[in-house]
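Q: after the sequence you'll find the predicted model.
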Amino acid sequence: MTRILGIDPGSRLTGFGVIEQTATGYHYIASGCLRIKGDDFPQRLKQIFAGISDVVEEYKPEEMAIEQVFMHKNADSALKLGQARGAAICAVQLFDIPVYEYAARQVKQAVVGKGSADKLQVQHMVKLLLGITGELQIDASDALGISLCHANFQQTQRRIKGAGF
C-alpha cells in the first residue's frame, strides 16, 4: 500500500490530491485547493510551502508526484509556476518524501488515454476511476490525475522488475 500526494502547482491556486494504491486498486483519500492570497509573490510562495506542509502532516503521503513546467508563450508565467513548484517540492522534502515529475501529456495519457485531452476529460476520468460522485474542482482533479499517473507508472515499473527485464 502506497499513499501518493499529487500536486498541480500554481501561484494563485495549487491543487492537491491524495490517493492510496493497494493490491486491489486506487482509493481516494482527499483533495482540495490552496487558495493563495495577496500580491507579494514571496508571501504567496510561503503560503504554498506552509499549505503543502500542512497537507503532508495531515495525510502522511509516502511519495509525491508533481507536474513539470512547460514553456508556452508567457515566460513570466512559466517562471512563477516554476517557483510555485519549488515551494511545494521544498515542503515535501522537509519530510524526506521522494518526488516524481510528469509532463502534462503523460498525465493526460495515463488518465484519459489521450495526451491531448482537455481538463474536463481528465476531471471526468478521475471521478470515474476514484469513485468520486460529488463536485471536484479542476485543480484538485488535475492533482489527483497526477497521483494516478504516478501510481500507474510505479505499478508498471514493479511489473517490469518482476518479469526480470
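A: Sure thing, it's come through. Residues are numbered from 1 along each chain as shown.

Q: can you list the residue ranges for strands in this structure?
A: 2-8, 13-22, 25-35, 63-67, 99-102 (DSSP state E).

Q: least trustworthy helix or strand in this structure by mean pLDDT?
A: helix 138-162 (a mean of 89; mean pLDDT, DSSP states H and E).

Q: dump the strands of the chain to a markdown table, plus mean neighbour count, mean pLDDT and distance to residue 42.
A: (C-beta placed from N, C-alpha, C; glycine too.) Shown next, in a markdown table, are these (neighbours: other C-beta atoms under 10 Å; pLDDT from 0 to 100; distance: least, C-beta to C-beta, whole Å):
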| stretch | mean neighbour count | mean pLDDT | distance to residue 42 |
| --- | --- | --- | --- |
| strand 2-8 | 25 | 97 | 19 |
| strand 13-22 | 23 | 96 | 16 |
| strand 25-35 | 17 | 96 | 16 |
| strand 63-67 | 24 | 96 | 20 |
| strand 99-102 | 16 | 96 | 22 |
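
Q: and the angle for the least confident helix or strand of the chain with strand 63-67?
A: 120 degrees (axes from the mean of the first three to the mean of the last three C-alpha atoms, to 10 degrees).
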